[in-house]
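Participant: output the structure for:
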Amino acid sequence: MPLLIKDTDKVKKSQAIAIINDQGTQNISNKTTVFSNINSAKSVYWFDIPLKRLNSKGSLNILTYDSQHEKLYYLEVPHSYFTENISLFYVRQDKQAISLELDATIENQFQDIRTGSQRSHFRGFIKGVYDCSCLKSEISEEDDENEDDSDSEDILSSIYGEPVHLIGSHRFNDDDGNDKDLFILREIRRGYYLEMLVEYTKNDLSNTSTSHRVLPSFLPLLENKEKTWKKFTKKASDEDWLALDEIMLNTVLCSSSHVLFAGADLIGPDVADEAVDRFGCYYPDEDLLPVFIFENTDYQLRLFIPSDSGNEFASDCAVGDEIDSSHSCFSSLKKAQEFLDQRLSYYIQES
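Facilitator: Model prediction:
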């Protein structure tokens, strides 16, 4: 599956390096630099720094972007600070890397609060703070693109026959040189996820053909009873649906990702041992079943949403990270989805 377009308001590592090099007197490179956006679910910056990168006598450039204040921080940390104080840090044995969780709050800015660390401070290594309001022009351009998306949604809704929400798109060429557009959509009425293919005949863009089907990764959620999906999402707000859109898009963007409903036979109390072996947890209360699960086996990440969350949809969901041996709980799906995206992006970047 070709890579789709996924909108984000986060700064990319290449952008951060360009800002440093353009606004300052430094000339830092990708090879000697690590970068993190502020986490949307928790005010921290995450890094895993391979020990093998710290063997030389040089320095590590640490860049962090605080989207709340539009500030880019540049820290220059000598490799020797890590190697001579290795006992201060949490070292991930599975990756042979120092794992940092730097506090982004003003009170404890750049203190390492990673569980298992000795809370060392990095604030003294700040070499520069850069204004990133220059990125507002790019955001304005994205707003223009959003207007184009609205026009596209109208056209796609007309083709499909009822309102749809556009999530992602990709243009590519077939072996005959014909252009094709692949769209990932959500049908508004039922909340079903679809893919639509629009094919253009070479040298005659007016000659098109369209076809659509249920998104293959969404099919497992409809295998038992279609009413399960309707019942599960009946309390979902607009914000919840946008988070679900991102989750379903990840099943296309990220290899080894899928979604499923896990009932009593997979994650209930009678199969607790098997459930813990497979998912890292089980649900003793059958009223919470079936549980919606997003799973990425490459990076051992899972998102859990129990069926009954009281008066609100997904007010008690969790993200399990087997690599990090953590299980984080969230009061909203948006926060859980943003946390999941951050971990996925981090592991993909590090792989």
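Participant: how much space between residue 45 and residue 72?
Facilitator: Going from residue 45 to residue 72 by CB to CB, to the nearest Å gives 12 Å. In short, each C-beta sits where N, CA and C put it, glycine included.
Participant: who touches both of the two?
Facilitator: The overlap between the contact sets of residue 45 and residue 72 (CB atoms under 8 Å, 6 or more residues apart in numbering) consists of residue 64.
Participant: okay, now the unreliable bits of the stretch 201-350 of the chain?
Facilitator: Under the criterion of pLDDT under 70, the regions of the stretch 201-350 of the chain flagged as low confidence span 201-207, 224, 309.
Participant: residue boundaries of the strands in it?
Facilitator: Under the criterion DSSP state E, counting those that start in this stretch, the stretch 201-350 of the chain carries strands at the ranges 204-214, 257-262, 291-296, 301-305, 317-321, 326-330.
Participant: paired strands for the second one, with orientation please.
Facilitator: Taking DSSP bridges as the criterion, strand 257-262 pairs within the sheet with strand 291-296 (antiparallel).
Participant: and the contacts of the strand it pairs with?
Facilitator: Contacts made with strand 291-296 from outside it, assessed by CB under 8 Å, 6+ apart, are listed as 221, 232, 247, 250-251, 254, 256-262, 267, 279, 283, 301-307, 340, 344.
Participant: check contacts around residue 341.
Facilitator: 246, 250.
Participant: list only buried entries from the contacts of strand 291-296.
Facilitator: Among the contacts of strand 291-296, those scoring as buried are 221, 232, 247, 250-251, 254, 257-262, 267, 279, 283, 301-307, 340, 344 (criterion: 16 or more other CB atoms under 10 Å).
Participant: now the strands of the stretch 201-350 of the chain in JSON lines, with distance to residue 158?
Facilitator: Output for the strands of the stretch 201-350 of the chain, formatted as JSON lines (distance: least, CB to CB, whole Å):
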{"stretch": "strand 204-214", "distance to residue 158": "11"}
{"stretch": "strand 257-262", "distance to residue 158": "29"}
{"stretch": "strand 291-296", "distance to residue 158": "31"}
{"stretch": "strand 301-305", "distance to residue 158": "33"}
{"stretch": "strand 317-321", "distance to residue 158": "35"}
{"stretch": "strand 326-330", "distance to residue 158": "37"}
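Participant: winner for burial among those?
Facilitator: For the strands of the stretch 201-350 of the chain, average neighbour numbers computed from mean count of other CB atoms under 10 Å are highest in strand 301-305, which has a mean of 24.
Participant: residues in contact with it?
Facilitator: 247, 279-281, 291-296, 314, 317-323, 333, 336-337, 340, 343-344, 347.
Participant: between strand 326-330 and that strand, find me the angle.
Facilitator: An angle of 30 degrees separates the directions of strand 301-305 and strand 326-330 when computed by axes from the mean of the first three to the mean of the last three CA atoms, to 10 degrees.
Participant: okay, domains of this protein per the record?
Facilitator: Structurally, the chain divides into domains by automatic domain parsing as follows: 13-131, 139-214, 216-351.
Participant: residue 267 against residue 277, yeah?
Facilitator: No. Under the criterion of CB atoms under 8 Å, residue 267 lies out of contact with residue 277, with a separation of 11.1 Å.
Participant: do a quick rundown of the strands in the stretch 51-200 of the chain.
Facilitator: Taking DSSP E, counting those that start in this stretch as the criterion, the stretch 51-200 of the chain carries its strands at 59-66, 71-78, 90-92, 97-103, 126-131, 164-173, 179-187, 193-201.
Participant: got a markdown table for these, with mean neighbour count too?
Facilitator: Converted to a markdown table, these look like this (neighbours: other CB atoms under 10 Å):
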| stretch | mean neighbour count |
| --- | --- |
| strand 59-66 | 22 |
| strand 71-78 | 19 |
| strand 90-92 | 16 |
| strand 97-103 | 22 |
| strand 126-131 | 15 |
| strand 164-173 | 17 |
| strand 179-187 | 20 |
| strand 193-201 | 18 |
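Participant: by mean pLDDT, show me the worst of these.
Facilitator: Among the strands of the stretch 51-200 of the chain, strand 164-173 carries the lowest mean pLDDT, a mean of 85.
Participant: starting from it, tell me which strands it pairs with and how they run.
Facilitator: Those paired with strand 164-173 in the sheet (DSSP bridges) are strand 179-187 (antiparallel).
Participant: who's in contact with the strand it pairs with?
Facilitator: Strand 179-187 has contacts (CB under 8 Å, 6+ apart) with 2, 4, 152, 156, 160, 162-174, 192-200, 202, 205, 212, 215, 241, 245, 248-249, 252.
Participant: ok, now how distant is the nearest residue to residue 192 once chain neighbours are set aside from residue 190?
Facilitator: For residue 192, ignoring the flanking residues on the chain, the nearest one in space by CB to CB, 6 or more residues apart in numbering is residue 214 at 6.3 Å. Distance check for residue 214 against residue 190: by CB to CB, it reads 10 Å.
Participant: can you list the strands of the stretch 51-200 of the chain in TSV and add distance to residue 116?
Facilitator: Formatted as TSV, the entries for the strands of the stretch 51-200 of the chain read as follows, by distance: least, CB to CB, whole Å:
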stretch	distance to residue 116
strand 59-66	20
strand 71-78	19
strand 90-92	4
strand 97-103	8
strand 126-131	25
strand 164-173	38
strand 179-187	40
strand 193-201	39
